[in-house]
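Peer 1: Got a predicted model here, sequence first, then my questions.
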Amino acid sequence: MTTTDRPRPGAAARTSAARRWAVDVAIAAAVTAAQLGTTYADSSRHAGTTRVGTLSYVLLAVGGAALILRRRYPVGVLAVTLVTTLWAAGQNARAIYLALIVAFFTAVLAKKRIAAIASLVIGYAASVWPALIGESGHPSAVFAVGLAAGLIFLLSAAELIRIRNQRTAAVARSRAEELRRLAGEERMKMARDLHDVVAHNISVINVQANTALHLMDRQPERARLALTTINEVSKQALVELRSVLGVLRDVDESAPRSPSPGLAHLGDLVDSAAAAGLIVHVEPSDGPVALPADVDLAAYRIIQEALTNSARHSGGSSATVRISQRNGGLLVEVTDNGKGRTGGSGSGAGSGHGIAGMTERAKVLGGTLHAGPRPGGGFGVRAWLPVDRSEP
């Protein structure tokens, strides 16, 4: 999607507002038509009685049309519909209360309960004492009790709908927060992947570049070999970076891609380490099989980071990678024969970011990681990653 294809800021909000406005207009039109049509039909059936006057139709139309603004002014619309409905009832005992009911529900859902209850009290008083709206006669006690029960039911129904809407909104907020949390965790994973990819490959490139500079004049063939290694490692780094960053933006379909790194690609790490001057022995040579994807990736990244540290900081000539199944999990050990390190970092000597990143990877999966100098010399990294999450 290009810049011109992306929706402008606020476009979604304007579309949503226009949709709500259209819904409100449709509801107001439907209520107005229902009130006027029902009143006219009822008046036609009772042709022998007093005909409904024009004022009643006008009042019912005004009350229905006011519903267009019910979201923006819930209390004001409730007041308008209450006045017009009671006034129309004074002109015509068979006035329709549909607009008043819609405005009442809107006020309750907008948390204007005081205004909503006040409208019920006023409407009840006007119905029980008709003289308040210009009607004559006295309703029976049964009517008064029945009307009170009906209004209480109306208030209860509106409250139940309001509570349900609040719960729905709370669930939506909770889901949005969970999505934000998952997005944050994904960013952390991506940051760790970027650190591992950049630290490992840049370390190899740095070593080979130094080799090429020192041998350029004396041994041009070895310098050429070092430059070839730099070219291959840089291509691999670009592919891995593209696979990590591809989730953030659209990637050209013709761009090179590779599967997610895992222990099946351990040979690539061994070759990269060898290019950096570190001979790596893997025990056993075939490695474990059928690992969960997240465990497979974490083990690969831990080995990658440990070998990068060995090549950059240990000063040794060889390293050993041991992979085995133990206690329902995967045990990964990386040791070297170097002189040890002060910081053991993958990002710079002494910063400690590499070990911190490996430790974080293990903790995310519920595993453990220990790194430090070995009693017999050299440096060691030992990580245990649970494979069966159902086990404690």
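Peer 2: Done, it's in.
Peer 1: longest helix anywhere in this protein?
Peer 2: helix 141-215 (DSSP state H).
Peer 1: for that one, packing partners?
Peer 2: helix 98-109, helix 113-128, helix 220-245, helix 266-275, helix 293-309, helix 353-364 (3 or more CB pairs under 8 Å, 6 or more residues apart in numbering; DSSP states H and E). Where C-beta positions appear, they are placed from N, C-alpha and C, glycine not excepted.
Peer 1: next one: the helix-or-strand element of the chain with minimal mean pLDDT to chain centre, how far?
Peer 2: One helix or strand of the chain scores below all others by mean pLDDT, DSSP states H and E: helix 220-245, with a mean of 73. Relative to the chain's own centre, helix 220-245 is displaced by 37 Å; criterion: CA atoms, centre = their mean, to the nearest Å.
Peer 1: tilt between it and helix 266-275?
Peer 2: If you take axes from the mean of the first three to the mean of the last three CA atoms, to 10 degrees, helix 220-245 sits at 140 degrees to helix 266-275.
Peer 1: Give me the pLDDT for the residue nearest to the spatial centre of the chain.
Peer 2: Centroid-nearest residue in the chain, with CA atoms, centre = their mean: L179, separated by 2.5 Å. pLDDT for L179: 80.
Peer 1: for L269, same thing?
Peer 2: Per-residue confidence at L269 stands at 83 (pLDDT).
Peer 1: Below-threshold pLDDT in the stretch 51-200 of the chain: ranges please.
Peer 2: 51-52, 91-95, 130-139, 197, 199-200 (pLDDT under 70).
Peer 1: change it to 90
Peer 2: 51-61, 63-64, 70-72, 83-99, 109-113, 116, 119-159, 161-200 (pLDDT under 90).
Peer 1: Tell me how many other residues surround G380.
Peer 2: 20 (other CB atoms under 10 Å).
Peer 1: how close does the closest residue to D268 other than its chain neighbours get to D294?
Peer 2: With CB to CB, 6 or more residues apart in numbering as the criterion, D268 has its nearest non-adjacent residue at 7.2 Å, and that residue is Q236. Using CB to CB, to the nearest Å, we find Q236 at a distance of 22 Å from D294.
Peer 1: How is the chain partitioned into domains?
Peer 2: 11-139, 180-386 (automatic domain parsing).
Peer 1: Export these to JSON lines and append columns for distance to G150.
Peer 2: Converted to JSON lines, the domains of the chain look like this (distance: least, CB to CB, whole Å):
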{"stretch": "domain 11-139", "distance to G150": "10"}
{"stretch": "domain 180-386", "distance to G150": "45"}
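Peer 1: re the thing from before, how about the helices and strands packed on helix 141-215 in JSON lines, adding mean neighbour count?
Peer 2: Formatted as JSON lines, these follow (neighbours: other CB atoms under 10 Å):
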{"stretch": "helix 98-109", "mean neighbour count": "23"}
{"stretch": "helix 113-128", "mean neighbour count": "16"}
{"stretch": "helix 220-245", "mean neighbour count": "16"}
{"stretch": "helix 266-275", "mean neighbour count": "19"}
{"stretch": "helix 293-309", "mean neighbour count": "24"}
{"stretch": "helix 353-364", "mean neighbour count": "20"}
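Peer 1: got those as CSV, with distance to A30 columns?
Peer 2: Formatted as CSV, the helices and strands packed on helix 141-215 follow (distance: least, CB to CB, whole Å):
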stretch, distance to A30
helix 98-109, 9
helix 113-128, 21
helix 220-245, 52
helix 266-275, 68
helix 293-309, 54
helix 353-364, 55
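Peer 1: between those, which gets nearest to I205?
Peer 2: Of all the helices and strands packed on helix 141-215, helix 220-245 sits nearest to I205, with 5.2 Å by CB to CB.
Peer 1: which helices and strands does that closest one pack with?
Peer 2: Against helix 220-245 (3+ CB pairs under 8 Å, 6+ apart) you get helix 141-215, helix 266-275.
Peer 1: how many other residues sit next to G63?
Peer 2: Residues near G63, counting by other CB under 10 Å: 31.
Peer 1: what element comes up after the strand or helix carrying it heading to the C-terminus?
Peer 2: Element membership for G63 (DSSP states H and E) is helix 54-65. Heading C-terminal from helix 54-65, the first helix or strand you meet, by DSSP H and E, is helix 74-91.
Peer 1: Render the CA-only coordinates of that next one in CSV, please.
Peer 2: The C-alpha trace of helix 74-91 is given here as CSV (Å, rounded to 0.1, in the frame of the first residue of the first chain):
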residue,chain,number,x,y,z
PRO,A,74,-30.0,12.6,25.4
VAL,A,75,-31.5,14.7,28.2
GLY,A,76,-32.7,17.5,25.9
VAL,A,77,-34.3,15.0,23.5
LEU,A,78,-35.9,13.2,26.4
ALA,A,79,-37.4,16.5,27.6
VAL,A,80,-38.7,17.4,24.1
THR,A,81,-40.3,14.0,23.6
LEU,A,82,-41.8,14.0,27.0
VAL,A,83,-43.4,17.5,26.5
THR,A,84,-44.7,16.8,23.0
THR,A,85,-46.0,13.3,24.0
LEU,A,86,-47.9,14.6,27.0
TRP,A,87,-49.2,17.6,25.1
ALA,A,88,-50.4,15.3,22.3
ALA,A,89,-52.1,13.1,25.0
GLY,A,90,-53.9,16.2,26.2
GLN,A,91,-55.2,16.7,22.7
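Peer 1: Show residues contacting it.
Peer 2: With contacts defined as CB atoms under 8 Å, 6 or more residues apart in numbering, helix 74-91 is touched by 52-53, 55-56, 59-60, 62-63, 66-67, 69-70, 95-97, 99-100, 102-104, 106-107, 110, 112, 115-116, 119, 122-123, 126, 133-135.
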